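>>> structure, please.
(4 chains)
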2 protein chains.
Amino acid sequence: MPYHHGDLRRALLAAAAEMIERDGPAALSLRELARRAGVSHAAPAHHFKDRTGLLTALAAEGYELLADALEAAGDDLLESGVAYVRFAVERPAHFAVMFQPGLYRADDPLVTAARDRADARLGAALAALPPDGRAGSAEERESAEVAAWSVVHGFAALWIGGALPPELGDDPVAAARAVLSRFSVS
Amino acid sequence: MPYHHGDLRRALLAAAAEMIERDGPAALSLRELARRAGVSHAAPAHHFKDRTGLLTALAAEGYELLADALEAAGDDLLESGVAYVRFAVERPAHFAVMFQPGLYRADDPLVTAARDRADARLGAALAALPPDGRAGSAEERESAEVAAWSVVHGFAALWIGGALPPELGDDPVAAARAVLSRFSVS
DNA sequence: TCCCCATCTTGTCAATGGCAAGATAGGCTC
DNA sequence: GAGCCTATCTTGCCATTGACAAGATGGGGA
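A predicted model of the protein is given here:
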């Protein structure tokens, strides 16, 4: 084992995601991460400063991945919603950290930049709302966009939390497509 | 200060909710709780066994409170949704714990009983869907119910997380009413 | 060749959760 | 009213953790 790990930062982030996915953000231990990576207990501190710093890096990475997923989905509203859910289900650790701003430094430049990118993609998809092009007042439009975002986010959160009825099946993406396609705003 | 606190269990639960509301479930410290209640560091263990036990009690209390709120809202779908959001905003600590099953013992009898009660009330409100009484297939009905629940839950989660645009104002209940009233399923 | 600095290690400290053993007191029985 | 019984609370202890300080290592550039 070389003195220099070579890719410790990435290894720590991956191990952290795995650990959070299994036992939640509260169970994340820097020392346990270090043991898994085969380095000393103080090595992570050099890359992330402290525990909050690691979670901050995870959140930034999460927003980047979410932006990528939304970008790949294009401007179609339904496909963007499905991509949002797929991201949440495939990266539950990132998702859990991202939407608990108290866990990390939400005003970190890397985080805000990535979040802005994701928000822009989300806004572009929501611009397709309503499909027929008729727009009401600004308040009505705002309410409709928030409603659309809420369904998608709520479905993802409830699925991850295991709160949804088992009748939906075990494929979250298919279930999301079925549920979201039934949604419209008047 | 008497040797016996008199109402330590309730005092600890209240202090825990306050603490979680400020800094999240991860920041909850049994010893800090004990200090605030003016008891020794091991006193909480008698009432809750361990940290997980305290969070389990909080989750059970949360489901009871949610069931109460839904009960007071009656069978009206919109009012039930607003009540759901009001509960989440007024008791963010309970809400945060309840929907992170990894934090507590989700199979605890007190938890499952309270959750069943809340689920029953939720189901009763969702039975009013769709308003015109025309029901499609069982799958379509399931999708519609999950969609309705998802909007409400997603709105509450995003509001608590501070992720929603400030244009919605600072009154979550009014904003929820505006957003949810614009929602319908086809 | 030599030095600089990013990377990693060892050592230490306060705080935390959890367990064990004992002290206290309110209430019940007789 | 005397004595016990048990829920409640305390003191003491240990392993683990996050954070910090100081030092070791070695790759890359001047």
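>>> pretty sure A:Ile20 sits against A:Leu33.
No. Judged on Cβ atoms under 8 Å, A:Ile20 makes no contact with A:Leu33 at a distance of 10.5 Å. No exception for glycine: its C-beta is placed from N, CA and C like everyone else's.
>>> which SS state does the closest residue to chain B within chain A fall under?
Across chain A, no residue is closer to chain B than A:Gly154, which sits at 2.5 Å (Cβ to the nearest Cβ). Under DSSP: H, G, I helix; E, B strand; the rest coil, A:Gly154 falls in the helix class.
>>> count of neighbours near it?
24 (other Cβ atoms under 10 Å in any protein chain shown).
>>> surely it is in contact with B:Ala157?
Yes. Between A:Gly154 and B:Ala157 there is a contact under Cβ under 8 Å: 6.6 Å.
>>> now A:Asp108: closest residue in space, sequence neighbours ignored.
Take A:Asp108 and drop its neighbours on the chain: the residue closest to it by Cβ to Cβ, 6 or more residues apart in numbering or on different chains is A:Thr56, 5.0 Å away.
>>> what score does that neighbour have for pLDDT?
In this model, A:Thr56 is scored at 98, pLDDT.
>>> ok, A:Ala128 next?
82.
>>> can you pull the contacts of it?
A:Asp75, A:Asp76, A:Leu77 (Cβ atoms under 8 Å, 6 or more residues apart in numbering or on different chains).
>>> and it, which of the three is it?
Secondary structure, three-state DSSP: A:Ala128 is coil.
>>> what mean pLDDT does stretch A:79-86 get?
The model assigns stretch A:79-86 a mean pLDDT of 98.
>>> again with stretch A:29-39
Stretch A:29-39 comes out at a mean pLDDT of 96.
>>> mind exporting the C-alpha coordinates of that stretch to CSV?
Extracted in CSV, the C-alpha atoms of stretch A:29-39 (Å, rounded to 0.1, in the frame of the first residue of the first chain):
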residue,chain,number,x,y,z
SER,A,29,-18.4,8.0,10.7
LEU,A,30,-15.2,9.5,9.4
ARG,A,31,-13.1,7.0,11.2
GLU,A,32,-15.0,4.1,9.8
LEU,A,33,-14.6,5.7,6.3
ALA,A,34,-10.9,5.9,6.9
ARG,A,35,-10.7,2.3,7.9
ARG,A,36,-12.5,1.2,4.8
ALA,A,37,-10.2,3.2,2.6
GLY,A,38,-7.2,1.8,4.5
VAL,A,39,-5.9,5.1,5.6
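>>> now the strands for chain A?
A:183-185 (DSSP state E).
>>> name the residues of it found near DNA strand D, please.
A:2-4, A:28-32, A:41-42, A:45, A:49-52 (Cβ under 7 Å from any atom of the strand).
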